[in-house]
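Enquirer: Output the structure for:
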Amino acid sequence: MAKINVAIIGVGNCASSLIQGVHFYRNVADDATIPGIRRPNLGGYHIGDIQFVAAFDIDRNKVGKDLAEAIYAPPNNTFKFCDVPATGVKVQRGMTHDGLGKYLSQIITKAPGSTANIVGILKETKTDVVISYLPVGSEAATKWYVEQILDAGCGFINCIPVFIAREAYWQERFAERGLPIIGDDIKSQVGATITHRVLTRLFQEQGVKLERTYQLNFGGNTDFYNMLERERLESKKISKTNAVISQLDYSLGPGNVYVGPSDYVPWLTDRKFCYIRMEGTTFGNVPLNLEMKLEVWDSPNSAGIVIDAIRCCKLALDRGLAGSLVAPCSIFMKSPPIQYTDDEARRKLEGFIGGTVSETLPSKKQAVKQPRPPKR
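Expert: Numbering: from 1, shown residues only. Next up, the predicted model:
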């Protein structure tokens, strides 16, 4: 199989963990077991087939540096589990728009110069898949980049809670160009959302009536610092809340559920603490309450998921699938176009990898299919 050329928007902690992970596992055997990866060889593409060919950021600490150096530059503060050698890929100056909020602007200085020719770079590097790691709340920046990605003819993985893959307008735009998209808002291997979803489904399947629940998260990375600006949180809260309550067949009511980030503790660095409480009623109207705490390194927790998403996006390009990829979206993302239970989503993903499931939105009947634009 060919290599998968990948470009990254936003060289923060998540990008660091992803790039470290690809290098760390690049030579593992096809039958190896890797925590957080479905399999080393997925649909014919090995982890080592992923190569990073372009990267964009606005931080003066990162722009102009080799990607291998930029991923360790402050304010990045995630766990370093691998030394990445020089890549030969220079971080290019990206577009700001609303990507730099009130709090991030206090610790990040914009690099001088104008925005790079994003479309030209994506075409020149023959990028297959673009990943967005923009900060939460970057609505305008995300949509601007999506237009560049469409013009360049690349697949797209939207790791942040700006709703693209689940919206009919953008589904149709990608379908018209013959391009796939996976989104929105990446899940973690075992994070707050997937844990809360599983527990909610357990209550549902065991007949416990969930009446009230909360999920409180705090950490010390720039994501949590950025989310101190509460106005940027609306889509994040919607994304996380819907991921949880979608596992119920009844409504809790907005006053009985709270899911979202709560605060920033600098000394935690990229560690994330999550507290979940669930109050329910069992047989005989007897109360049942559950409380739990989860502690993770936030960015490595989603890196393996993105590695699988990259390979699924490339399989879609190879197969001529366009629009939102229903199965990959449903298993990898908090806010997919269609919410399934996790078991059903896993089954559908295996069908997608094997080539027996190819559902997209809009459907093939609805989509106006055009050939994928050639790379130039």
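
Enquirer: In CSV, list the C-alpha atoms belonging to the longest helix along the chain.
Expert: As assigned by DSSP state H, the longest helix anywhere in the chain is helix 300-319. Coordinates of each C-alpha in helix 300-319 appear next as CSV, following Å, rounded to 0.1, in the frame of the first residue of the first chain:
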residue,chain,number,x,y,z
PRO,A,300,-1.9,10.5,24.5
ASN,A,301,-5.4,9.2,25.5
SER,A,302,-6.8,10.1,22.0
ALA,A,303,-3.7,9.7,19.8
GLY,A,304,-4.3,6.0,19.0
ILE,A,305,-7.9,6.8,18.1
VAL,A,306,-6.6,9.4,15.6
ILE,A,307,-4.2,6.9,14.1
ASP,A,308,-7.1,4.6,13.3
ALA,A,309,-9.2,7.5,12.0
ILE,A,310,-6.4,8.5,9.6
ARG,A,311,-6.2,5.0,8.1
CYS,A,312,-10.0,4.8,7.8
CYS,A,313,-10.1,8.2,6.0
LYS,A,314,-7.4,6.9,3.6
LEU,A,315,-9.4,3.7,2.9
ALA,A,316,-12.4,5.9,2.1
LEU,A,317,-10.3,7.9,-0.4
ASP,A,318,-9.1,4.7,-2.0
ARG,A,319,-12.7,3.4,-2.2
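
Enquirer: Show me where this structure dips below the pLDDT cut-off.
Expert: Within the chain, the stretches falling below the threshold (pLDDT under 70) are 1, 364-376.

Enquirer: Which residue of it lies farthest from its centroid?
Expert: Distance from the C-alpha centroid of the chain peaks at residue 284, with 42.1 Å (C-alpha atoms, centre = their mean).

Enquirer: Let me know the secondary structure of it.
Expert: Under the three-state scheme (DSSP: H, G, I helix; E, B strand; the rest coil), residue 284 adopts helix.

Enquirer: Which residue ranges of the stretch 201-350 of the chain form strands?
Expert: When secondary structure is read from DSSP state E, counting those that start in this stretch, the stretch 201-350 of the chain shows strands at 209-219, 257-264, 271-282, 286-297, 323-325.

Enquirer: Next, the buried residues of the longest helix of the chain.
Expert: Taking 16 or more other C-beta atoms under 10 Å as the neighbour-count basis, helix 300-319 is seen to contain the buried residues 300-317. All C-beta atoms are positioned from the backbone trio N, CA, C, and that covers glycine.

Enquirer: now stretch 147-157
Expert: Within stretch 147-157, the residues that qualify as buried are 148, 149, 150, 152, 153, 154, 155, 156, 157, counting by 16+ other C-beta under 10 Å.

Enquirer: again, but for stretch 202-222
Expert: Taking 16+ other C-beta under 10 Å as the basis for neighbour counts, the residues of stretch 202-222 that come out buried are 203-204, 208, 210-211, 213-222.

Enquirer: same deal with stretch 273-288?
Expert: Along stretch 273-288, these residues count as buried under the neighbour rule (16+ other C-beta under 10 Å): 273, 274, 276, 278, 279, 280, 288.

Enquirer: can you list those in CSV and add distance to residue 362?
Expert: Output for those, formatted as CSV (distance: C-beta to C-beta, whole Å):
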residue, distance to residue 362
273, 40
274, 36
276, 36
278, 37
279, 40
280, 39
288, 43
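
Enquirer: and which of these is nearest residue 183?
Expert: For residue 183, the nearest member of those is residue 274. The distance, counting by C-beta to C-beta, is 22.6 Å.

Enquirer: That closest one: what's it in contact with?
Expert: For residue 274, the set of contacting residues under the criterion of C-beta atoms under 8 Å, 6 or more residues apart in numbering consists of 191, 192, 195, 215, 216, 217, 293, 294, 295, 296.

Enquirer: Can I get the strands of the stretch 201-350 of the chain in TSV including distance to residue 128?
Expert: Listed next are these as TSV, based on distance: least, C-beta to C-beta, whole Å:
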stretch	distance to residue 128
strand 209-219	32
strand 257-264	32
strand 271-282	31
strand 286-297	28
strand 323-325	14
